[in-house]
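Asks: Quick one, structure for this:
(one chain, ligands or ions: 1)
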Amino acid sequence: MKITKVSIKQIKLPLKQPFKIALGTDYEYVGVVIRIETDEGIIGLGEASPSSRITGETIGTVVDIIESKIKPLLIGKNPLNIERIMDEINSAILHNPSAKCAVDIALYDILSKYAKLPLCKLLGGFKEEIVTSVTVGIKGVKDTVLETIELVEQGAKIIKIKIGLDPVEDIEKIRAMREEIGYDIKIRIDANQGYEPREVIKVLNEIEQYEIEFVEQPVAYWDIQGLIQVKESVGIPVMVDESLLSSYDAINLIKAEACDIFNIKLMKAGGIREAIKISNIAESAGISCMLGCMVETRIGVGAATHLALALKNIKYADLDGHLFLKKDIVEGGVITEDGINRVTSKEGVGVKLIKEIF
Ligand SMILES: [Mg+2]
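Replies: Numbers count the residues shown, from 1 in each chain. Just a heads-up that it's a prediction; the model follows:
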């Protein structure tokens with residue numbers, strides 16, 4: 001089998017509401033969809049959701065790197081040789097993980113369609129479903145509580161709230177949420193690097209009584225000593241997100257004993273292949289993983305859900321990025337019902353374009 005054509009398309013999709021986190025606010029989703037065609041008629045779809053704040057990429061850099069560097073490497077290659085193709089791409093291009101991720105997802109889509117299997121079965125098939133958190137962006141106490149109640153009424157089993165801008169308000173929000181929803185629903189929190197170590201230690205010690213599942217990225221991504229300080233001073237498990245992009249980061253974080261849990265995202269890692277490496281390294285070091293996502297279509301969240309179902313060591317999911325979109329360009333890929341993600345029995349990632357965009 002040979003790759004005969006590679007096409008990319010920029011997409012811009014409205015969000016249901018603006019999404020505010022400690023790093024900034026998003027008003028719409030802009031991403032890139034890739035379509036890889038083969039001489040045997042099998043077509044793979046992939047997606048890049050670039051984030052200048054997290055991966056240092058923009059739509060422009062993704063489009064340029066794919067057009068100028070990646071496309072020439074792909075044409076004529078056997079798409080089933082994913083290890084060889086990704087090795088060539090990694091040798092030619094430093095960083096740019098979401099651009100690499102788009103290609104990687106499309107190649108795994110082709111491989112699993114060729115094998116006539118849903119991707120999760122090809123990659124390991126460990127579980128049939130995974131509970132996902134649903135995220136509430138930064139808003140006032142009253143609005144946070146109202147949105148939490150709404151999400152719980154819709155079936156959410158885990159609420160993740162974004163914090164990191166105002167310690168007093170963050171403590172009050174969590175107290176008010178517990179008062180309203182009780183303790184049957186799990187709460188996880190994500191500071192997106194918003195705090196200094198000393199500040200966040202105070203906040204976390206204050207809210208520990210409200211049963212927090214874990215705290216994501218309490219301090220700046222580069223502040224490994226700060227992470228260690230937080231981990232050693234609080235009872236809430238510490239998860240890294242922005243500090244962990246590649247498998248090299250994973251090794252360094254494990255050596256430093258800087259965290260309790262990893263948040264792996266396909267867009268940060270550069271796709272499924274590198275995400276599996278991170279999860280395997282973590283598993284051997286006794287660190288469990290969550291699979292997270294950016295705001296993404298059902299291509300990206302679908303691929304991530306397949307991977308989360310495939311691997312034993314992916315014990316948590318924050319795979320709700322598709323739920324932020326007012327409309328999607330694809331259907332299938334992932335089914336989210338009552339706060340649980342599943343996939344269909346379709347081959348590959350299982351997504352289909354709602355209308356032709358290429
Ligand atoms: Mg995060």
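Asks: The ion contacts on the protein?
Replies: In this structure, the chain approaches the ion at residues D190, E216, D241, judged by CB under 5 Å from the ion. Backbone N, C-alpha and C define where each C-beta goes, glycine included.
Asks: would you turn the residues you listed into JSON lines with neighbour count?
Replies: What follows is these, written out as JSON lines (neighbours: other CB atoms under 10 Å):
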{"residue": "D190", "neighbour count": "26"}
{"residue": "E216", "neighbour count": "26"}
{"residue": "D241", "neighbour count": "24"}
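Asks: Just the ones in strands from those, please.
Replies: Secondary structure defined by DSSP state E assigns D190, E216 of the residues of the chain next to the ion to strands.
Asks: Quick one: the helices in the chain, in order.
Replies: 59-65, 71-74, 82-92, 97-114, 119-123, 141-153, 167-181, 197-207, 224-233, 247-256, 266-269, 272-284, 298-310 (DSSP state H).
Asks: Any chance you could list what contacts the first one?
Replies: Residues outside helix 59-65 that contact it (CB atoms under 8 Å, 6 or more residues apart in numbering) are I8, Q10, V30, G31, V32, A48, P50, I93, N96, S98, A99, A102.
Asks: ok, now the third one?
Replies: Under the contact criterion CB under 8 Å, 6+ apart, helix 82-92 has outside partners 69-70, 73-74, 77, 79, 100, 103-104, 107-108, 111, 270-271, 273-274.
Asks: if we go to 6 Å?
Replies: Under the contact criterion CB atoms under 6 Å, 6 or more residues apart in numbering, helix 82-92 has outside partners K69, L73, K77, K100, L107, R273.
Asks: Which single residue in the stretch 51-200 of the chain comes nearest to the ion?
Replies: Closest to the ion within the stretch 51-200 of the chain is D190: 4.4 Å, counting by CB to the ion.
Asks: quick revisit: okay if I get the residues of the chain next to the ion as TSV plus distance to N280 and pLDDT?
Replies: TSV is the format used below for the residues of the chain next to the ion (distance: CB to CB, whole Å; pLDDT from 0 to 100):
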residue	distance to N280	pLDDT
D190	25	98
E216	22	98
D241	19	98
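Asks: can you tell me how far E172 sits from Q17?
Replies: Here E172 is placed at a distance of 22 Å from Q17 (CB to CB, to the nearest Å).
Asks: If you count surrounding residues, which of those two has more?
Replies: In this view E172 and Q17 are compared by other CB atoms under 10 Å, and E172 has more residues nearby, 15 against 12.
Asks: quick one, what contacts that one?
Replies: Here E172 is in contact with V141 (CB under 6 Å, 6+ apart).
Asks: roughly how far apart are it and V203?
Replies: According to CB to CB, E172 stands 11 Å off from V203.
Asks: Can you give the domain ranges for the chain?
Replies: With automatic domain parsing serving as the domain definition, the record reports that the chain contains domains spanning 3-116, 120-353.
Asks: pLDDT on the shortest one, on average?
Replies: Computed over domain 3-116, the mean pLDDT rounds to 98.
Asks: ok, I42 touching A115?
Replies: No - between I42 and A115 there is no contact, the gap being 10.5 Å when judged by CB atoms under 6 Å.
Asks: closest point of the stretch 201-350 of the chain to the ion, which residue?
Replies: With CB to the ion as the measure, the residue in the stretch 201-350 of the chain that lies nearest the ion is D241; the distance is 3.6 Å.
Asks: and that residue, what does it touch?
Replies: By CB under 6 Å, 6+ apart, the contact set of D241 is E216, Q217, N263.
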